[in-house]
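1. Output the structure for:
(chains A and B)
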Amino acid sequence: MSDRVLEVDGLSVHTVGTARRRQILADIAFDVRQGETVCVVGESGSGKSVTALSIMGLLPRGGLAPTTGRILVDGEDVLVASAARLRALRATRMAMVFQEPMTALNPVHRVGKQIDEVLRRHTPLGRAERREKVLAMLDAVHLSHVAQIYDAYPHQLSGGQRQRIVISMALILQPKLLIADEPTTALDVTTQAQILSLIRELQEKHNTAVMFITHDFGVVSEIAERIVVMHRGRIVEVGPRTDVLARPRQAYTRVLVSSVPSLIPRRRESPTGEIILEVADLSKTYSEARLFTAGRRVAAASGVSLTIRRGEVVGLVGESGSGKSTVARCIVRLIDPTSGTIRVKGRDIAEIPRGPLRRLRRRFQIVFQDPYRSLNPRRRVGNSIVEGLINFGTPRDLALRRARELLSLVGIDPEVMRRYPHQFSGGQRQRICIARALALEPDLLVADEAVSALDVSVQAQILQLLEEIRSLTGIAVLFITHDLRVAAQICDTVVVMQNGHVVEAGRAETILTAPRQDYTRALIEAAPGRHWDFQSFRPNRAVAADVASP
Amino acid sequence: MTRATEPLDSADLAHGGGELLGEDESSRLSSIAELLRTLTSAPVLIALGALAVVALIALLAPFLGTTDPLAIAPGERLRRMSSAHRLGTDAFGRDVYSRVLYGARISLLVGMAVALASVAVGLVIGLLAGYFRLLDSIIMRVMDGLMAIPGILLAIALVTVSGASLRTVVIAITVPEIPRVVRLVRSVVLALRVEPYVEAAIALGTPVPSLLLRHIVPNTVAPLIVQGTFIFASAMLTESAMSFLGVGLPPEIPSWGNIMAEGRTYFQLMPGLILYAGLLLALTVLSVNMLGDALRDALDPRMARKL
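-> Below you'll find the model as predicted:
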């Protein structure tokens, strides 16, 4: 038992306080050894976070309770520990890093003080010693200007810096077990790569056991030594990384791994159809309205140009804040561009006033990122789908018939038209949103991170659906994404944006395999799991050779 | 940045994988059941009972053994309780029992009229302010101006200008209440404007009036019911205060405020002249406020969890 830091054995968790007792976790068993990284991977609702919260003793009281099993942290069963004992254990033996660093930090206290509090509670150190230790820790997580950072408030730091603060808070007492719950999901790929290497470095230094929860197989292939695959509250498979990724024993794992889109772009023919959308020199500047002085001006997008042909999928790729969503929203005129032209089938819509614009809206439609907020929760999905048609004067019975056709097209039983959105899963809702956008038979579909909130298996299905629709209807698609894998899967052309500017644009094969710009190269190199070809269950030869050659 | 945070709420977790959930109307029904459960706690039931009694008194006043509340009988001034006058008579010889019962009509009428009028007007103005950015700054500055004047002072001024009658009093109490409703509605509209489903409706070419009616107004109903209840209570209080000060309803109308104003001089001699009207007023306002609190807890679950 010596080097097993965490042992979970036969853990089951049920809901409490509801009429129907539901099982959330069933018979979970795995362990994490000293210095080892175990990735717990699964889709949303698989129970990975509940497992982590059970270990930390943080299950919502009156909501969920463990019913059977043991959780041994360094040999001590946390399920029977008292509240005071748990508090002590939480700082010294086990620590947790959450997904969203902004909410994990108290916005009204300086970050140095927040780290200091951990020391004040759990060590007898004096003030000066504590400060020294905190500064040393900040240095260890590679923050520069540590004295200034010590006195900064969370909102003054970037997402990556905040996550470094949270990590230093978790690791300052050198716990034996670190639980990281999607710690890099909210971060950009380049920041993610840095945080992952930081966790690895600290882990090696202190021989910490790391339980890393993620939905991202790219991350898994980078850091895991062993993998625990979860599905619907049960463990599907446990094994060493290469076994699970290359020779998954369970059908579910196979599907999950092979759903991860490949980074290698598919070969496609150059689109030659008529030009549907032509954006030239598009800029959007936000300026603060001030009465007398000129307010602050932020250029969210400047000088963006792109064209989309019939049947073409153009990917607009970039990190958060690159201006890709601004461009998308300008093109469908949800916001008004500051300057530039947007020609849809030759007609400039950039400056048409709202009234006449309304009649042109059926030519271009948008699908949003969050399927849970994209449908009015109070309206039956059938009514949502026919809304556009009825706006443009289609009689209701005709519109309803069309809605049924569209639902079958997107793979949903047309009998469910009278249901409400909450009765559908995220993937189904996104299909309904696509059906709603297609109802008006637009020439252009803008998909703003339309698959980013979905689990990989669902994501693969939606990408497949978009591909089918494209070949069936010849619709032009502007596909906004931060995920290069998704872009490689579906796009003919890729436009890379950074800080509101287009950095590089061209055929997807060219951009993603032989980028000319440093920024594009950095993005591709930061994409996790580059060295693994998930769909073929083997290491990616091209990249392996790449790494070997220099 | 992109992935929705996984739900930690036990109910959401229970639904987990999230296939089609349950029957068509199941969750709608369960939310109604939830509402009923919140509304059936003991204090709320008592409050509802008290309100029902007051409402029945108002409706059935002519049949509860009352006489004409306005009939003056100079020979019967300031009588104590008797079989003819259950609660005695006032300084003009009018029957106090009848006046207090008929007073319930006036108070409830004023409360309801003010609540409905201010919610209706506030809803329209709030929608305009929230949806049209150009109107927003103009409307909200006017509303700020209105809120800067103490409500009762504004009401008194309006009555003084336009003369005392039931209608002017209702209008005078309504006007100062409107800004609060406008702010509430505006904040809901501002939050919803950026919801993807509202943006999707804009992209689908939904005309602005339908957009507001279909996607935005339904979301204002719950907060407006709550706010309306509180306005109901505060309007009754304001009316009584104005009448008590002699700047409200004309003195012959038997409102609780008027009854108390007239009883003030003889308070030490005959406390009943103020007591019964005051008790009923306090009871009604308290009940309405308790109901409002319960509604807020039921309709805004986040609030209830914090309390």
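2. which ones are touching the closest residue to chain A within the stretch 51-200 of chain B?
-> Closest residue of the stretch 51-200 of chain B to chain A, C-beta to the nearest C-beta: residue B:196 (4.0 Å). Where you see a C-beta, it was placed from the backbone N, CA and C, and this is true even at glycine. Residue B:196 makes contacts with A:368, A:369, A:370, A:373, A:374, as judged by C-beta atoms under 8 Å, 6 or more residues apart in numbering or on different chains.
3. so how many other residues sit close to residue 249?
-> As the question left the chain open, I've gone with chain A. Other residues lying near residue A:249 total 14 when counted by other C-beta atoms under 10 Å in any protein chain shown.
4. That was the other one, I meant chain B.
-> Other residues lying near residue B:249 total 23 when counted by other C-beta under 10 Å.
5. Centre-most residue in chain B?
-> residue B:232 (2.0 Å; C-alpha atoms, centre = their mean).
6. Against chain A, how distant is that one?
-> Taking C-beta to the nearest C-beta, to the nearest Å as the measure, residue B:232 falls 26 Å from chain A.
7. so who does that residue touch?
-> Residue B:232 is in contact with B:111, B:112, B:114, B:115, B:288, B:292, counting by C-beta under 8 Å, 6+ apart.
8. Which helix or which strand is home to it?
-> Secondary structure assignment for residue B:232, by DSSP states H and E: helix B:217-245.
9. buried sites along that helix?
-> For helix B:217-245, burial by neighbour count (16 or more other C-beta atoms under 10 Å in any protein chain shown) applies to B:217, B:219-220, B:222-244.
10. Next, name the residue at the spatial heart of chain A.
-> Centre-nearest of chain A using C-alpha atoms, centre = their mean is residue A:185, 5.3 Å out.
11. Now do the phi/psi pair for that one.
-> Comment: the main-chain dihedrals of residue A:185 come out as phi -70, psi -30, following degrees, to the nearest 10.
12. How many neighbouring residues does residue 190 have?
-> If you meant another chain, say so; for now it's chain A. Neighbour number of residue A:190 under other C-beta under 10 Å is 15.
13. You answered for a different chain; I wanted chain B.
-> Applying other C-beta under 10 Å, we find 13 residues neighbouring residue B:190.
14. for the stretch 151-300 of chain B, what are the low-confidence residue spans?
-> Low-confidence segments of the stretch 151-300 of chain B, defined by pLDDT under 70, span residues B:300.
15. contacting residues around residue A:3?
-> By C-beta under 8 Å, 6+ apart, the contact list for residue A:3 reads A:33, A:34.
16. how much space is there between it and chain B?
-> Taking C-beta to the nearest C-beta, one finds residue A:3 at 31 Å from chain B.
17. Just the pLDDT at that residue, thanks.
-> Residue A:3 is assigned a pLDDT of 83 by the prediction.
18. where's it relative to residue A:33, distance?
-> From residue A:3 over to residue A:33 the distance is 5 Å, taken as C-beta to C-beta, to the nearest Å.
19. Please list the residues of the stretch 301-450 of chain A that sit near chain B.
-> Applying C-beta under 8 Å from any C-beta of the partner chain, one finds that the stretch 301-450 of chain A approaches chain B through A:320, A:332, A:334, A:358-359, A:361-362, A:364-366, A:368-370, A:372-376, A:378-379, A:384, A:387-388, A:391-392, A:416, A:418-420, A:422-426, A:428, A:433, A:436-437, A:440, A:449.
20. Among the residues you listed, which lie within helices?
-> A:358, A:359, A:384, A:387, A:388, A:391, A:426, A:428, A:433, A:436, A:437 (DSSP state H).
21. Can you go through those residues and name the buried ones?
-> By the neighbour-count criterion of 16+ other C-beta under 10 Å, those include these buried positions: A:358, A:384, A:387, A:388, A:391, A:426, A:428, A:433, A:436, A:437.
22. so what's the fourth one closest to, chain neighbours aside?
-> Ranked by C-beta to C-beta, 6 or more residues apart in numbering or on different chains and with sequence neighbours excluded, the top spatial neighbour of residue A:388 is residue B:204, at 3.6 Å.
23. And the one you found, how far from residue B:219?
-> With distances defined as C-beta to C-beta, the gap from residue B:204 to residue B:219 amounts to 18 Å.
24. rewinding a little: could you point out which element follows the helix holding residue B:232?
-> Criterion used, DSSP H and E; the element after helix B:217-245 is helix B:256-263.
25. thought residue A:240 was touching residue A:228?
-> No: checked against C-beta atoms under 8 Å, the pair residue A:240 and residue A:228 is beyond contact range at 11.3 Å.
26. which one of these two has more residues nearby?
-> In this comparison of residue A:240 against residue A:228, neighbours counted by other C-beta under 10 Å, the higher total goes to residue A:228 at 26 against 12.
27. which ones are touching the more buried one?
-> Taking C-beta under 8 Å, 6+ apart as the contact definition, residue A:228 lies against A:30, A:38, A:39, A:40, A:41, A:235, A:237, A:238.
28. Quickly run through the sheet partners of the strand or helix carrying it, with directions.
-> Element membership of residue A:228 [criterion: DSSP H and E] is strand A:226-231. Sheet neighbours of strand A:226-231, with direction, are listed as strand A:37-41 (parallel), strand A:234-240 (antiparallel) (DSSP bridges).
29. Nearest to residue A:522, out of those?
-> Distances from residue A:522 to each of the strands paired with strand A:226-231 were compared by C-beta to C-beta, and the smallest falls on strand A:37-41, at 24.7 Å.
30. Keeping just the C-alphas, turn the closest one into PDB.
-> Listed next in PDB are the C-alpha coordinates belonging to strand A:37-41 (Å, rounded to 0.1, in the frame of the first residue of the first chain):
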ATOM      1  CA  THR A  37      -0.800  11.100 -13.300                       C
ATOM      2  CA  VAL A  38      -4.100   9.300 -13.700                       C
ATOM      3  CA  CYS A  39      -6.500  10.900 -16.100                       C
ATOM      4  CA  VAL A  40     -10.200  10.400 -15.400                       C
ATOM      5  CA  VAL A  41     -11.900  11.000 -18.700                       C
END
